[in-house]
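**Student:** Show me the folded form of this:
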Amino acid sequence: MNAEGRTTLGDPAVLRNREIFTLIFSVIIAAIAVRVHAEPFVPQHDRQVLERVVPGYRFDPQILTDSAPPTTAIQLAREYIDLGRRFGDPRYHGRAEALLRPLWRMRPPPSQALVLRAIIRQHRHEFNAALQDLDVVLNRQPQNPQALLSRAMIYLVIGDHASARTDCLALLRFIKTYSALTCLAGVASFSGQAEAAHDVLLKVFDSDLGKNVEQRRWTIAWLADIAVRLGWYPRADRYFEQAVQLGQPSIHVLTQYAEYLLDTKRFEKATALLEHRQNVDALLLLRIRAMRQLKLPGVSSYVSQLKDRLETGRRRGSAHPSTEAQLYLHLLQRPLESLPLALENWRDQREPRDARLVLEAALAARRPDAAQPVIDWLRRSRLEDVRLDSLRRRLRNL
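**Tutor:** Predicted structure coming up:
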């Protein structure tokens, strides 16, 4: 589960003229980028939408200077990171990095700034560097709750369940909060205790502890994930609907929900869910898969758009092998090219969906031997997942 710490939006008391300036500045920069890399784009009319700008943007040039108050830069960086998590726009993490860079040059850097750098690095899949930042913080402050929680979630993503459990237990000893209970139960769900973890999470979710909406969003996402893995589909439906009703579902939750809808062949619902979230490569890919099943027009155009995005990301060094592997497997039907990318992704990231990608690619490529490291890891971890069990049986039958 990819939690990025507990960040919340502040109360943005921003002047209207500053918002207008920011919007105009963003549009100008976007226009320059288009002219550099492509043919000039001319709107057909004055009311044509050029880009959907997510809310919450605010900017003060003074904050980017070394004289800016550290607390101001840290608070605004947290807001940007939260916006990036919710809307999947990497520019917000870049803005957070610009705000925090002067603090990182301090000797020593403030602990809060290092935790946020770890969150940014985690978002970029720079897991070892993120862990190094969090180790520094926890050597200074062993009871830092955000550092413990962030490190536990990174350990979970890379498949080190024992270390994740240790940090969740430490969090529970130090602060005994809703987040600590959710952390511990979530890790247990990956280690052969999914049903018990589900029951604990449900009690926590329904208790008086769960007053914070952000925390409830996180817990309901865990409940949905466990229900899908255990094949409890009516419960999964209910949990995903609750996650959407709580508002502002994260990119991670939208990805889980869309994959679940594809698995259960509810393609219309998947298409509608992702209609306005095509700025994220992984979500665009899932929407294309649903559109293809419905034989909707425009699929070829969207596939070309996704290929161009991934090619641009590869040149910048920001492309992620998971999305590329899914492109080759699900959209281009070239499993022999998908499999190496899926295995490359598996080396760094070991969540159920990463295991599934390797197994599916190995099955499509008729290479069961390539999936053996994943199968061995699944056996050792005791991860429960009906979808992975089915794929393992099919690979054995090859």
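
**Student:** Need the residue closest to the centroid of this protein.
**Tutor:** residue 252 (4.3 Å; CA atoms, centre = their mean).

**Student:** Let's see the pLDDT reported for that one.
**Tutor:** Predicted confidence (pLDDT) for residue 252: 92.

**Student:** Any stretches of this structure with poor pLDDT?
**Tutor:** Scanning the chain for pLDDT under 70 picks out the ranges 1-68, 176, 208-211.

**Student:** From residue 370, how far off is residue 339?
**Tutor:** As judged by CB to CB, to the nearest Å, residue 339 and residue 370 stand 6 Å apart. C-betas here are computed from N, CA, C, even on glycine.

**Student:** Name the residues contacting each of those two.
**Tutor:** Common contact partners of residue 339 and residue 370 (CB atoms under 8 Å, 6 or more residues apart in numbering): 358, 361-362.

**Student:** if we can go back for a sec, out of residue 339 and residue 370, which sits in the busier spot?
**Tutor:** Ranked by neighbour count (other CB atoms under 10 Å), residue 339 and residue 370 place residue 339 first, with 24 against 19.

**Student:** and residue 158, what does it touch?
**Tutor:** 127, 348-350.

**Student:** quick one: the residue nearest to the centre of the chain from residue 218, how far?
**Tutor:** Per CB to CB, residue 252 is found 10 Å from residue 218.

**Student:** With residue 109 instead?
**Tutor:** Going from residue 109 to residue 218 by CB to CB gives 27 Å.

**Student:** Going by distance to residue 273, which of the shared contacts of residue 339 and residue 370 wins?
**Tutor:** Proximity of those to residue 273, judged by CB to CB, is greatest for residue 361, which lies at 25.1 Å.

**Student:** now what about the helix or strand harbouring the closest one, what contacts it?
**Tutor:** Element membership for residue 361, per DSSP states H and E: helix 352-364. Here helix 352-364 makes contact (CB under 8 Å, 6+ apart) with 190, 229, 259, 322, 325-326, 329, 335, 338-339, 342-343, 345-346, 368, 370-371, 374-375, 377-378, 383, 385, 387-388, 391-392, 394-395, 398.

**Student:** chain center to it: distance?
**Tutor:** Mean-position distance between helix 352-364 and its chain equals 19 Å (CA atoms, centre = their mean, to the nearest Å).

**Student:** what does stretch 300-314 give?
**Tutor:** On CA atoms, centre = their mean, the centre of stretch 300-314 falls 20 Å from the chain's centre.

**Student:** Same question for stretch 312-319.
**Tutor:** Using CA atoms, centre = their mean, the mean C-alpha position of stretch 312-319 is found 18 Å from that of the whole chain.

**Student:** got the buried residues for that stretch?
**Tutor:** Residues 313, 319 are the ones in stretch 312-319 that count as buried (16 or more other CB atoms under 10 Å).

**Student:** Kindly format the C-alpha coordinates of that stretch as PDB.
**Tutor:** Output in PDB follows, covering the C-alpha atoms of stretch 312-319 (Å, rounded to 0.1, in the frame of the first residue of the first chain):
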ATOM      1  CA  THR A 312       9.100  11.400 -23.300                       C
ATOM      2  CA  GLY A 313       9.300   9.900 -19.800                       C
ATOM      3  CA  ARG A 314      12.000   7.500 -20.900                       C
ATOM      4  CA  ARG A 315      14.100  10.300 -22.400                       C
ATOM      5  CA  ARG A 316      13.800  12.300 -19.100                       C
ATOM      6  CA  GLY A 317      14.600   9.200 -17.000                       C
ATOM      7  CA  SER A 318      11.200   9.300 -15.400                       C
ATOM      8  CA  ALA A 319       9.400   6.500 -17.200                       C
END
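
**Student:** circling back to that earlier point, pretty sure the residue nearest to the centre of the chain is in contact with residue 221, am I right?
**Tutor:** Yes: between residue 252 and residue 221 there is a contact at 7.0 Å, judged by CB atoms under 8 Å.

**Student:** Helix 352-364 and the helix or strand residue 228 falls within, what's the angle between them?
**Tutor:** Assigned by DSSP H and E, residue 228 belongs to helix 213-230. With axes from the mean of the first three to the mean of the last three CA atoms, to 10 degrees applied, the angle from helix 213-230 to helix 352-364 works out at 30 degrees.

**Student:** Give me the contact list for the next helix or strand after helix 213-230.
**Tutor:** Downstream of helix 213-230, the next assigned helix or strand under DSSP H and E is helix 233-245. The contact list for helix 233-245, computed with CB under 8 Å, 6+ apart, reads 217, 220-221, 223-224, 227-228, 249, 253, 256-257, 260, 264.

**Student:** make it 7 Å
**Tutor:** Here helix 233-245 makes contact (CB atoms under 7 Å, 6 or more residues apart in numbering) with 217, 220-221, 223-224, 227-228, 249, 253, 257, 260, 264.

**Student:** Would you mind checking those residues for buried ones?
**Tutor:** Buried by 16+ other CB under 10 Å: 217, 220-221, 223-224, 227-228, 249, 253, 257, 260, out of the contacts of helix 233-245.

**Student:** and which of the residues you listed is nearest residue 163?
**Tutor:** Taking those together and measuring to residue 163 by CB to CB, the closest member is residue 221, at 21.6 Å.

**Student:** Chain neighbours aside, what residue packs nearest to that closest one?
**Tutor:** Among residues not flanking residue 221 along the chain, residue 253 sits closest, at 4.9 Å (CB to CB, 6 or more residues apart in numbering).
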